[in-house]
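> Let's see this in three dimensions:
(2 chains)
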Amino acid sequence: MPSKTKRKTRIMIDKEKCTGCKACMLACAVKHTGRYSTSMARIWVNEIDEMVVVPNVCRHCVAPACMRACSAGAIKKEGELVVLDIKKCTGCRACVDACPFGAIKYSEKLKKALKCDLCDGEPECIKACIPGAIY
Amino acid sequence: MYGYAGKILFVDLGKEKIVVKKLERARAKKYLGGVGLAASFIWEMTDAGTDPLSTENPLIFVTGPVNGTGFPPTGRFAVCSISPLTGIWGESHAGGFFGPQIKYTGFDAIVVTGRSNEKVYLALDGGKAELRSARNLWGLDVLETTDRIREEMPGSEVACIGPAGENLVKFASIQVCKYRAAGRTGMGAVMGSKNLKAVAARGVGEIEVYDVDKFVDLVEEARRRYTEERWGIAAQESLGKYGTTSLVEAEQEIGRLPTKNHTTGIFRDFDKIGGEAVRKLVRKKRKACMGCAIQCKYVAMIDSGEFAGTITEGPEYETLVAFGSDELNSRLDSIVYANYLCNKLGLDTISTGKSIAFAMELSEKGLISQSIKWGDVEAMVKLVSDIAYRRGFGNELAEGVRNLAAKLGPEAEKLAVHVKGLEMSGQDGRAHKSIGLTHAISVRGADHLRSISCLDELGYVDIAKERYPEDAKVILDLRSEKLKGILVADMETNYAIVDSLIICKYGTMWPPIFYYPDYARLIYYTTGFEEYQKPENVQTLGDRICMLRRAINARRGITRKDDTLPYKQLHEPMPEGPAKGEVVHLDVMLDEFYDARGCTRDGKPRYRRLKELGLKQVGDELAKANIISSEN
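Predicted coordinates for the structure are as follows:
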């Protein structure tokens, strides 16, 4: 199957189109952990009410608040990407608090931060999104 | 164990005892999951006399190996028990997001027995399971209950009953994610009888599949087949755009749209309640079950009139029939509202709507003293609540049409549209002979989803030719009884797999994209069970599950005489439309079906066949009880 996407530097969201199916979360989890779950996904679908469902994921900000907050130096800007070095992460959660979009989560299992890495420019969540809400 | 959480939760509410047991590999291999796994427990835990509302009757929430993975759709679960509505095998399914959460909390199934002294709910949080007080939840509706529990357990998925389940309405549903119903066969009443208000699950577990690379490729292939290629595009154009609502127009065209308590198959106002009307008037947003690639769900909202402001996940085809054509009601807004009420109060829309349609016909024929006119929206809405709260005549209807008809006598029984006590779903065998057989033989009563064939219904010529190269023409003939026994037996086997994995009928039934060779790959990549690499072994597995459910019913006294249809479909010719003049000639189809299924001509499992399927002990027990002979 030809890839639907060119190399991505950012994931875009059209929340009007989101049907709330969470296929993005499952695809993200299996890509990063080899297992299926919702707890290990780096993208989240929040159901606000019947009509509003909002996927949330890292924006790879130009001036990332998470990077400034990280005292371990685990978060860096590499080109257009905001990259988390999981080995350096101490699990202090400063980035989780700092992100204005709530797009970083803390994993109880890993005791580390969970954040989108854009799957080397070919995000699995985009491939999995049937209604085209993630692009 | 790959694909499984690996554990079963046994909850004895009477003793407040919670026990975690390992899911044995042999059992998983033999019954796969879902209804297969549940049937194995029901066979062992019940007997011929188990009272559905007693403490002994287990209520089983069950998932399959695929649930919680990425295979579309992954969000389903089933709930099985002995049904208080029919007195036989009961199973009900729902989509949404609840099923995977059970697995993420570490369990493949929850087996609930006993009756709690206090009103309780079961909380599965992370790896822990505990009973919590539901004193403040009892009496609340489904929407309030779900919200309250989610306040306590943010991010949890909730399965609960409403007032109907508390009041032991025989066709009370278990609602999940508020608007998805495990509606059929009264599983909500079983839950109510146990003083169990809800099960809430919030898990952080992970599901590991046997061959993750091949599995991920298969997910991608499935996604493609559900959205691209010939049938994928067709699925998106129908189910994706309209959900199941466009069936209203399709069934009208073949004269099979149940109308006026299943008197006819033609509804003059079909276009006022059909897919186009829904899309134009009430459909506001597309929704989906977890991980689905078809995405047939939608949100409906009423903008104006007396029901303005009503918001609910929208009526399915079945609900449009039950509260629409079957009651001669052409007001779409009232159907949406009745659907909303059923969700809120925890009622099966099919049985509720069909009971009211029955009442309307009883009233017209003067068989009851109440005046309930066809299409009377006010009466309909009032009756929905009266059923849930067992008020007045609603209390009679809450027992189901079979029980009410038995009280009123033979004239009423001729009008009662049910099989084995389950109110009939929205099809009519006179216009589509194979569905007549399906309704008659279904292990849970007058239900379509255990073995409906869409090949003949919707005209899948190429697929019929692929599956039945010699016989496609006869198979595809809607109004011929020929070969329908073979067709229906094959569909029953097919869906037994679907309901054990657990995936959805959309993609396996309509459109019929997936079949045994696909299940073989799916089961193998998920579980690593080597024998299921062979499609014929998958078929044997399906046969085993079908036969075990049939054995449960045989033990409870079901024989050929119960595999029948309502009077109207056997004796009153279809009055109009393309199927005008048709009735269902059931006997010829039954003989063929029993032969194909491995049953005797009186509808009981053959000992020989049970033995072949690895169910010798089941056969021995039936033989010992003189239900079957070990000679057969």
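> Start and end of stretch B:45-64, how far apart?
Start-to-end span of stretch B:45-64 (Cα to Cα, to the nearest Å) is 20 Å.
> Centre of the chain to it, how far?
Computed by Cα atoms, centre = their mean, to the nearest Å, the chain-centroid distance of stretch B:45-64 equals 17 Å.
> ok, now stretch B:30-47?
Between the centre of stretch B:30-47 and the centre of its chain there are 17 Å (Cα atoms, centre = their mean).
> That stretch and chain A, any residue contact?
No: Stretch B:30-47 lies apart from chain A when judged by Cβ under 8 Å from any Cβ of the partner chain; the minimum separation is 15.2 Å. Placement of C-beta: from N, CA and C, glycine included.
> Need the contact partners of that stretch.
B:4, B:27-28, B:56-58, B:60, B:62-65, B:67, B:78, B:80-82, B:89, B:91, B:108-109, B:111, B:113, B:496-497, B:499-502, B:523, B:541, B:544-545, B:548-549, B:551-552, B:555, B:614, B:618 (Cβ atoms under 8 Å, 6 or more residues apart in numbering or on different chains).
> Can you give me the buried ones in that stretch?
B:30-43, B:46 (16 or more other Cβ atoms under 10 Å in any protein chain shown).
> before we move on, the earlier item: report the buried members of the contacts of stretch B:30-47.
B:4, B:27-28, B:57-58, B:60, B:62-65, B:67, B:78, B:80-82, B:89, B:91, B:108-109, B:111, B:113, B:496-497, B:499-502, B:523, B:541, B:544-545, B:548-549, B:551-552, B:555, B:618.
> Can you flag which of these belong to helices?
Residues of those located in helices (DSSP state H): B:27-28, B:496-497, B:499-501, B:523, B:541, B:544-545, B:548-549, B:551-552, B:555, B:618.
> Run through the residues that contact residue 94.
All of this is about chain A. A:69, A:70, A:71.
> Switch to chain B, please.
B:76, B:77, B:79, B:159, B:174, B:175, B:176, B:180, B:181, B:182, B:183.
> From what I see, the fifth one and residue B:184 are in contact.
No: the pair formed by residue B:174 and residue B:184 falls short of the contact definition of Cβ atoms under 8 Å, at 10.4 Å.
> Give the intersection of the neighbour lists for these two.
residue B:92.
> How about the spatially most central residue of chain A: what's its closest non-neighbour residue?
Residue closest to the mean C-alpha point of chain A, counted by Cα atoms, centre = their mean, is residue A:116 at 3.2 Å. Nearest residue to residue A:116 in three dimensions, chain neighbours excluded: residue A:58, at 3.9 Å (Cβ to Cβ, 6 or more residues apart in numbering or on different chains).
> Please state the backbone phi and psi of the one you found?
phi -60, psi 130 (degrees, to the nearest 10).
> picking up where we left off before, closest to residue B:265 out of the buried residues of stretch B:30-47?
Distances from residue B:265 to these, taken as Cβ to Cβ, are shortest for residue B:35 (30.2 Å).
> Please give me every residue in contact with the closest residue to that closest one other than its chain neighbours.
Closest residue to residue B:35 apart from its sequence neighbours, by Cβ to Cβ, 6+ apart: residue B:499 at 4.5 Å. Contact analysis of residue B:499 by Cβ under 8 Å, 6+ apart lists B:34, B:35, B:36, B:78, B:91, B:93.
> cool, residue A:68 as well?
residue A:98.
> Might you calculate how far the strand or helix carrying it sits from the centre of the chain?
Using DSSP states H and E, residue A:68 maps to helix A:65-69. Relative to its chain's centre, helix A:65-69 lies at 16 Å (Cα atoms, centre = their mean).
> Give the rounded mean pLDDT of that helix.
Summarised as a single mean, pLDDT over helix A:65-69 is 98.
> By neighbour count, which bits of it are buried? Give me those.
A:65, A:66, A:67, A:69.
> Near the closest residue to the last one other than its chain neighbours, how many other residues are there?
Counting by Cβ to Cβ, 6+ apart, residue A:69 lies nearest to residue A:98, which is 3.5 Å off, once chain neighbours are set aside. Using other Cβ atoms under 10 Å in any protein chain shown, residue A:98 has 16 other residues around it.
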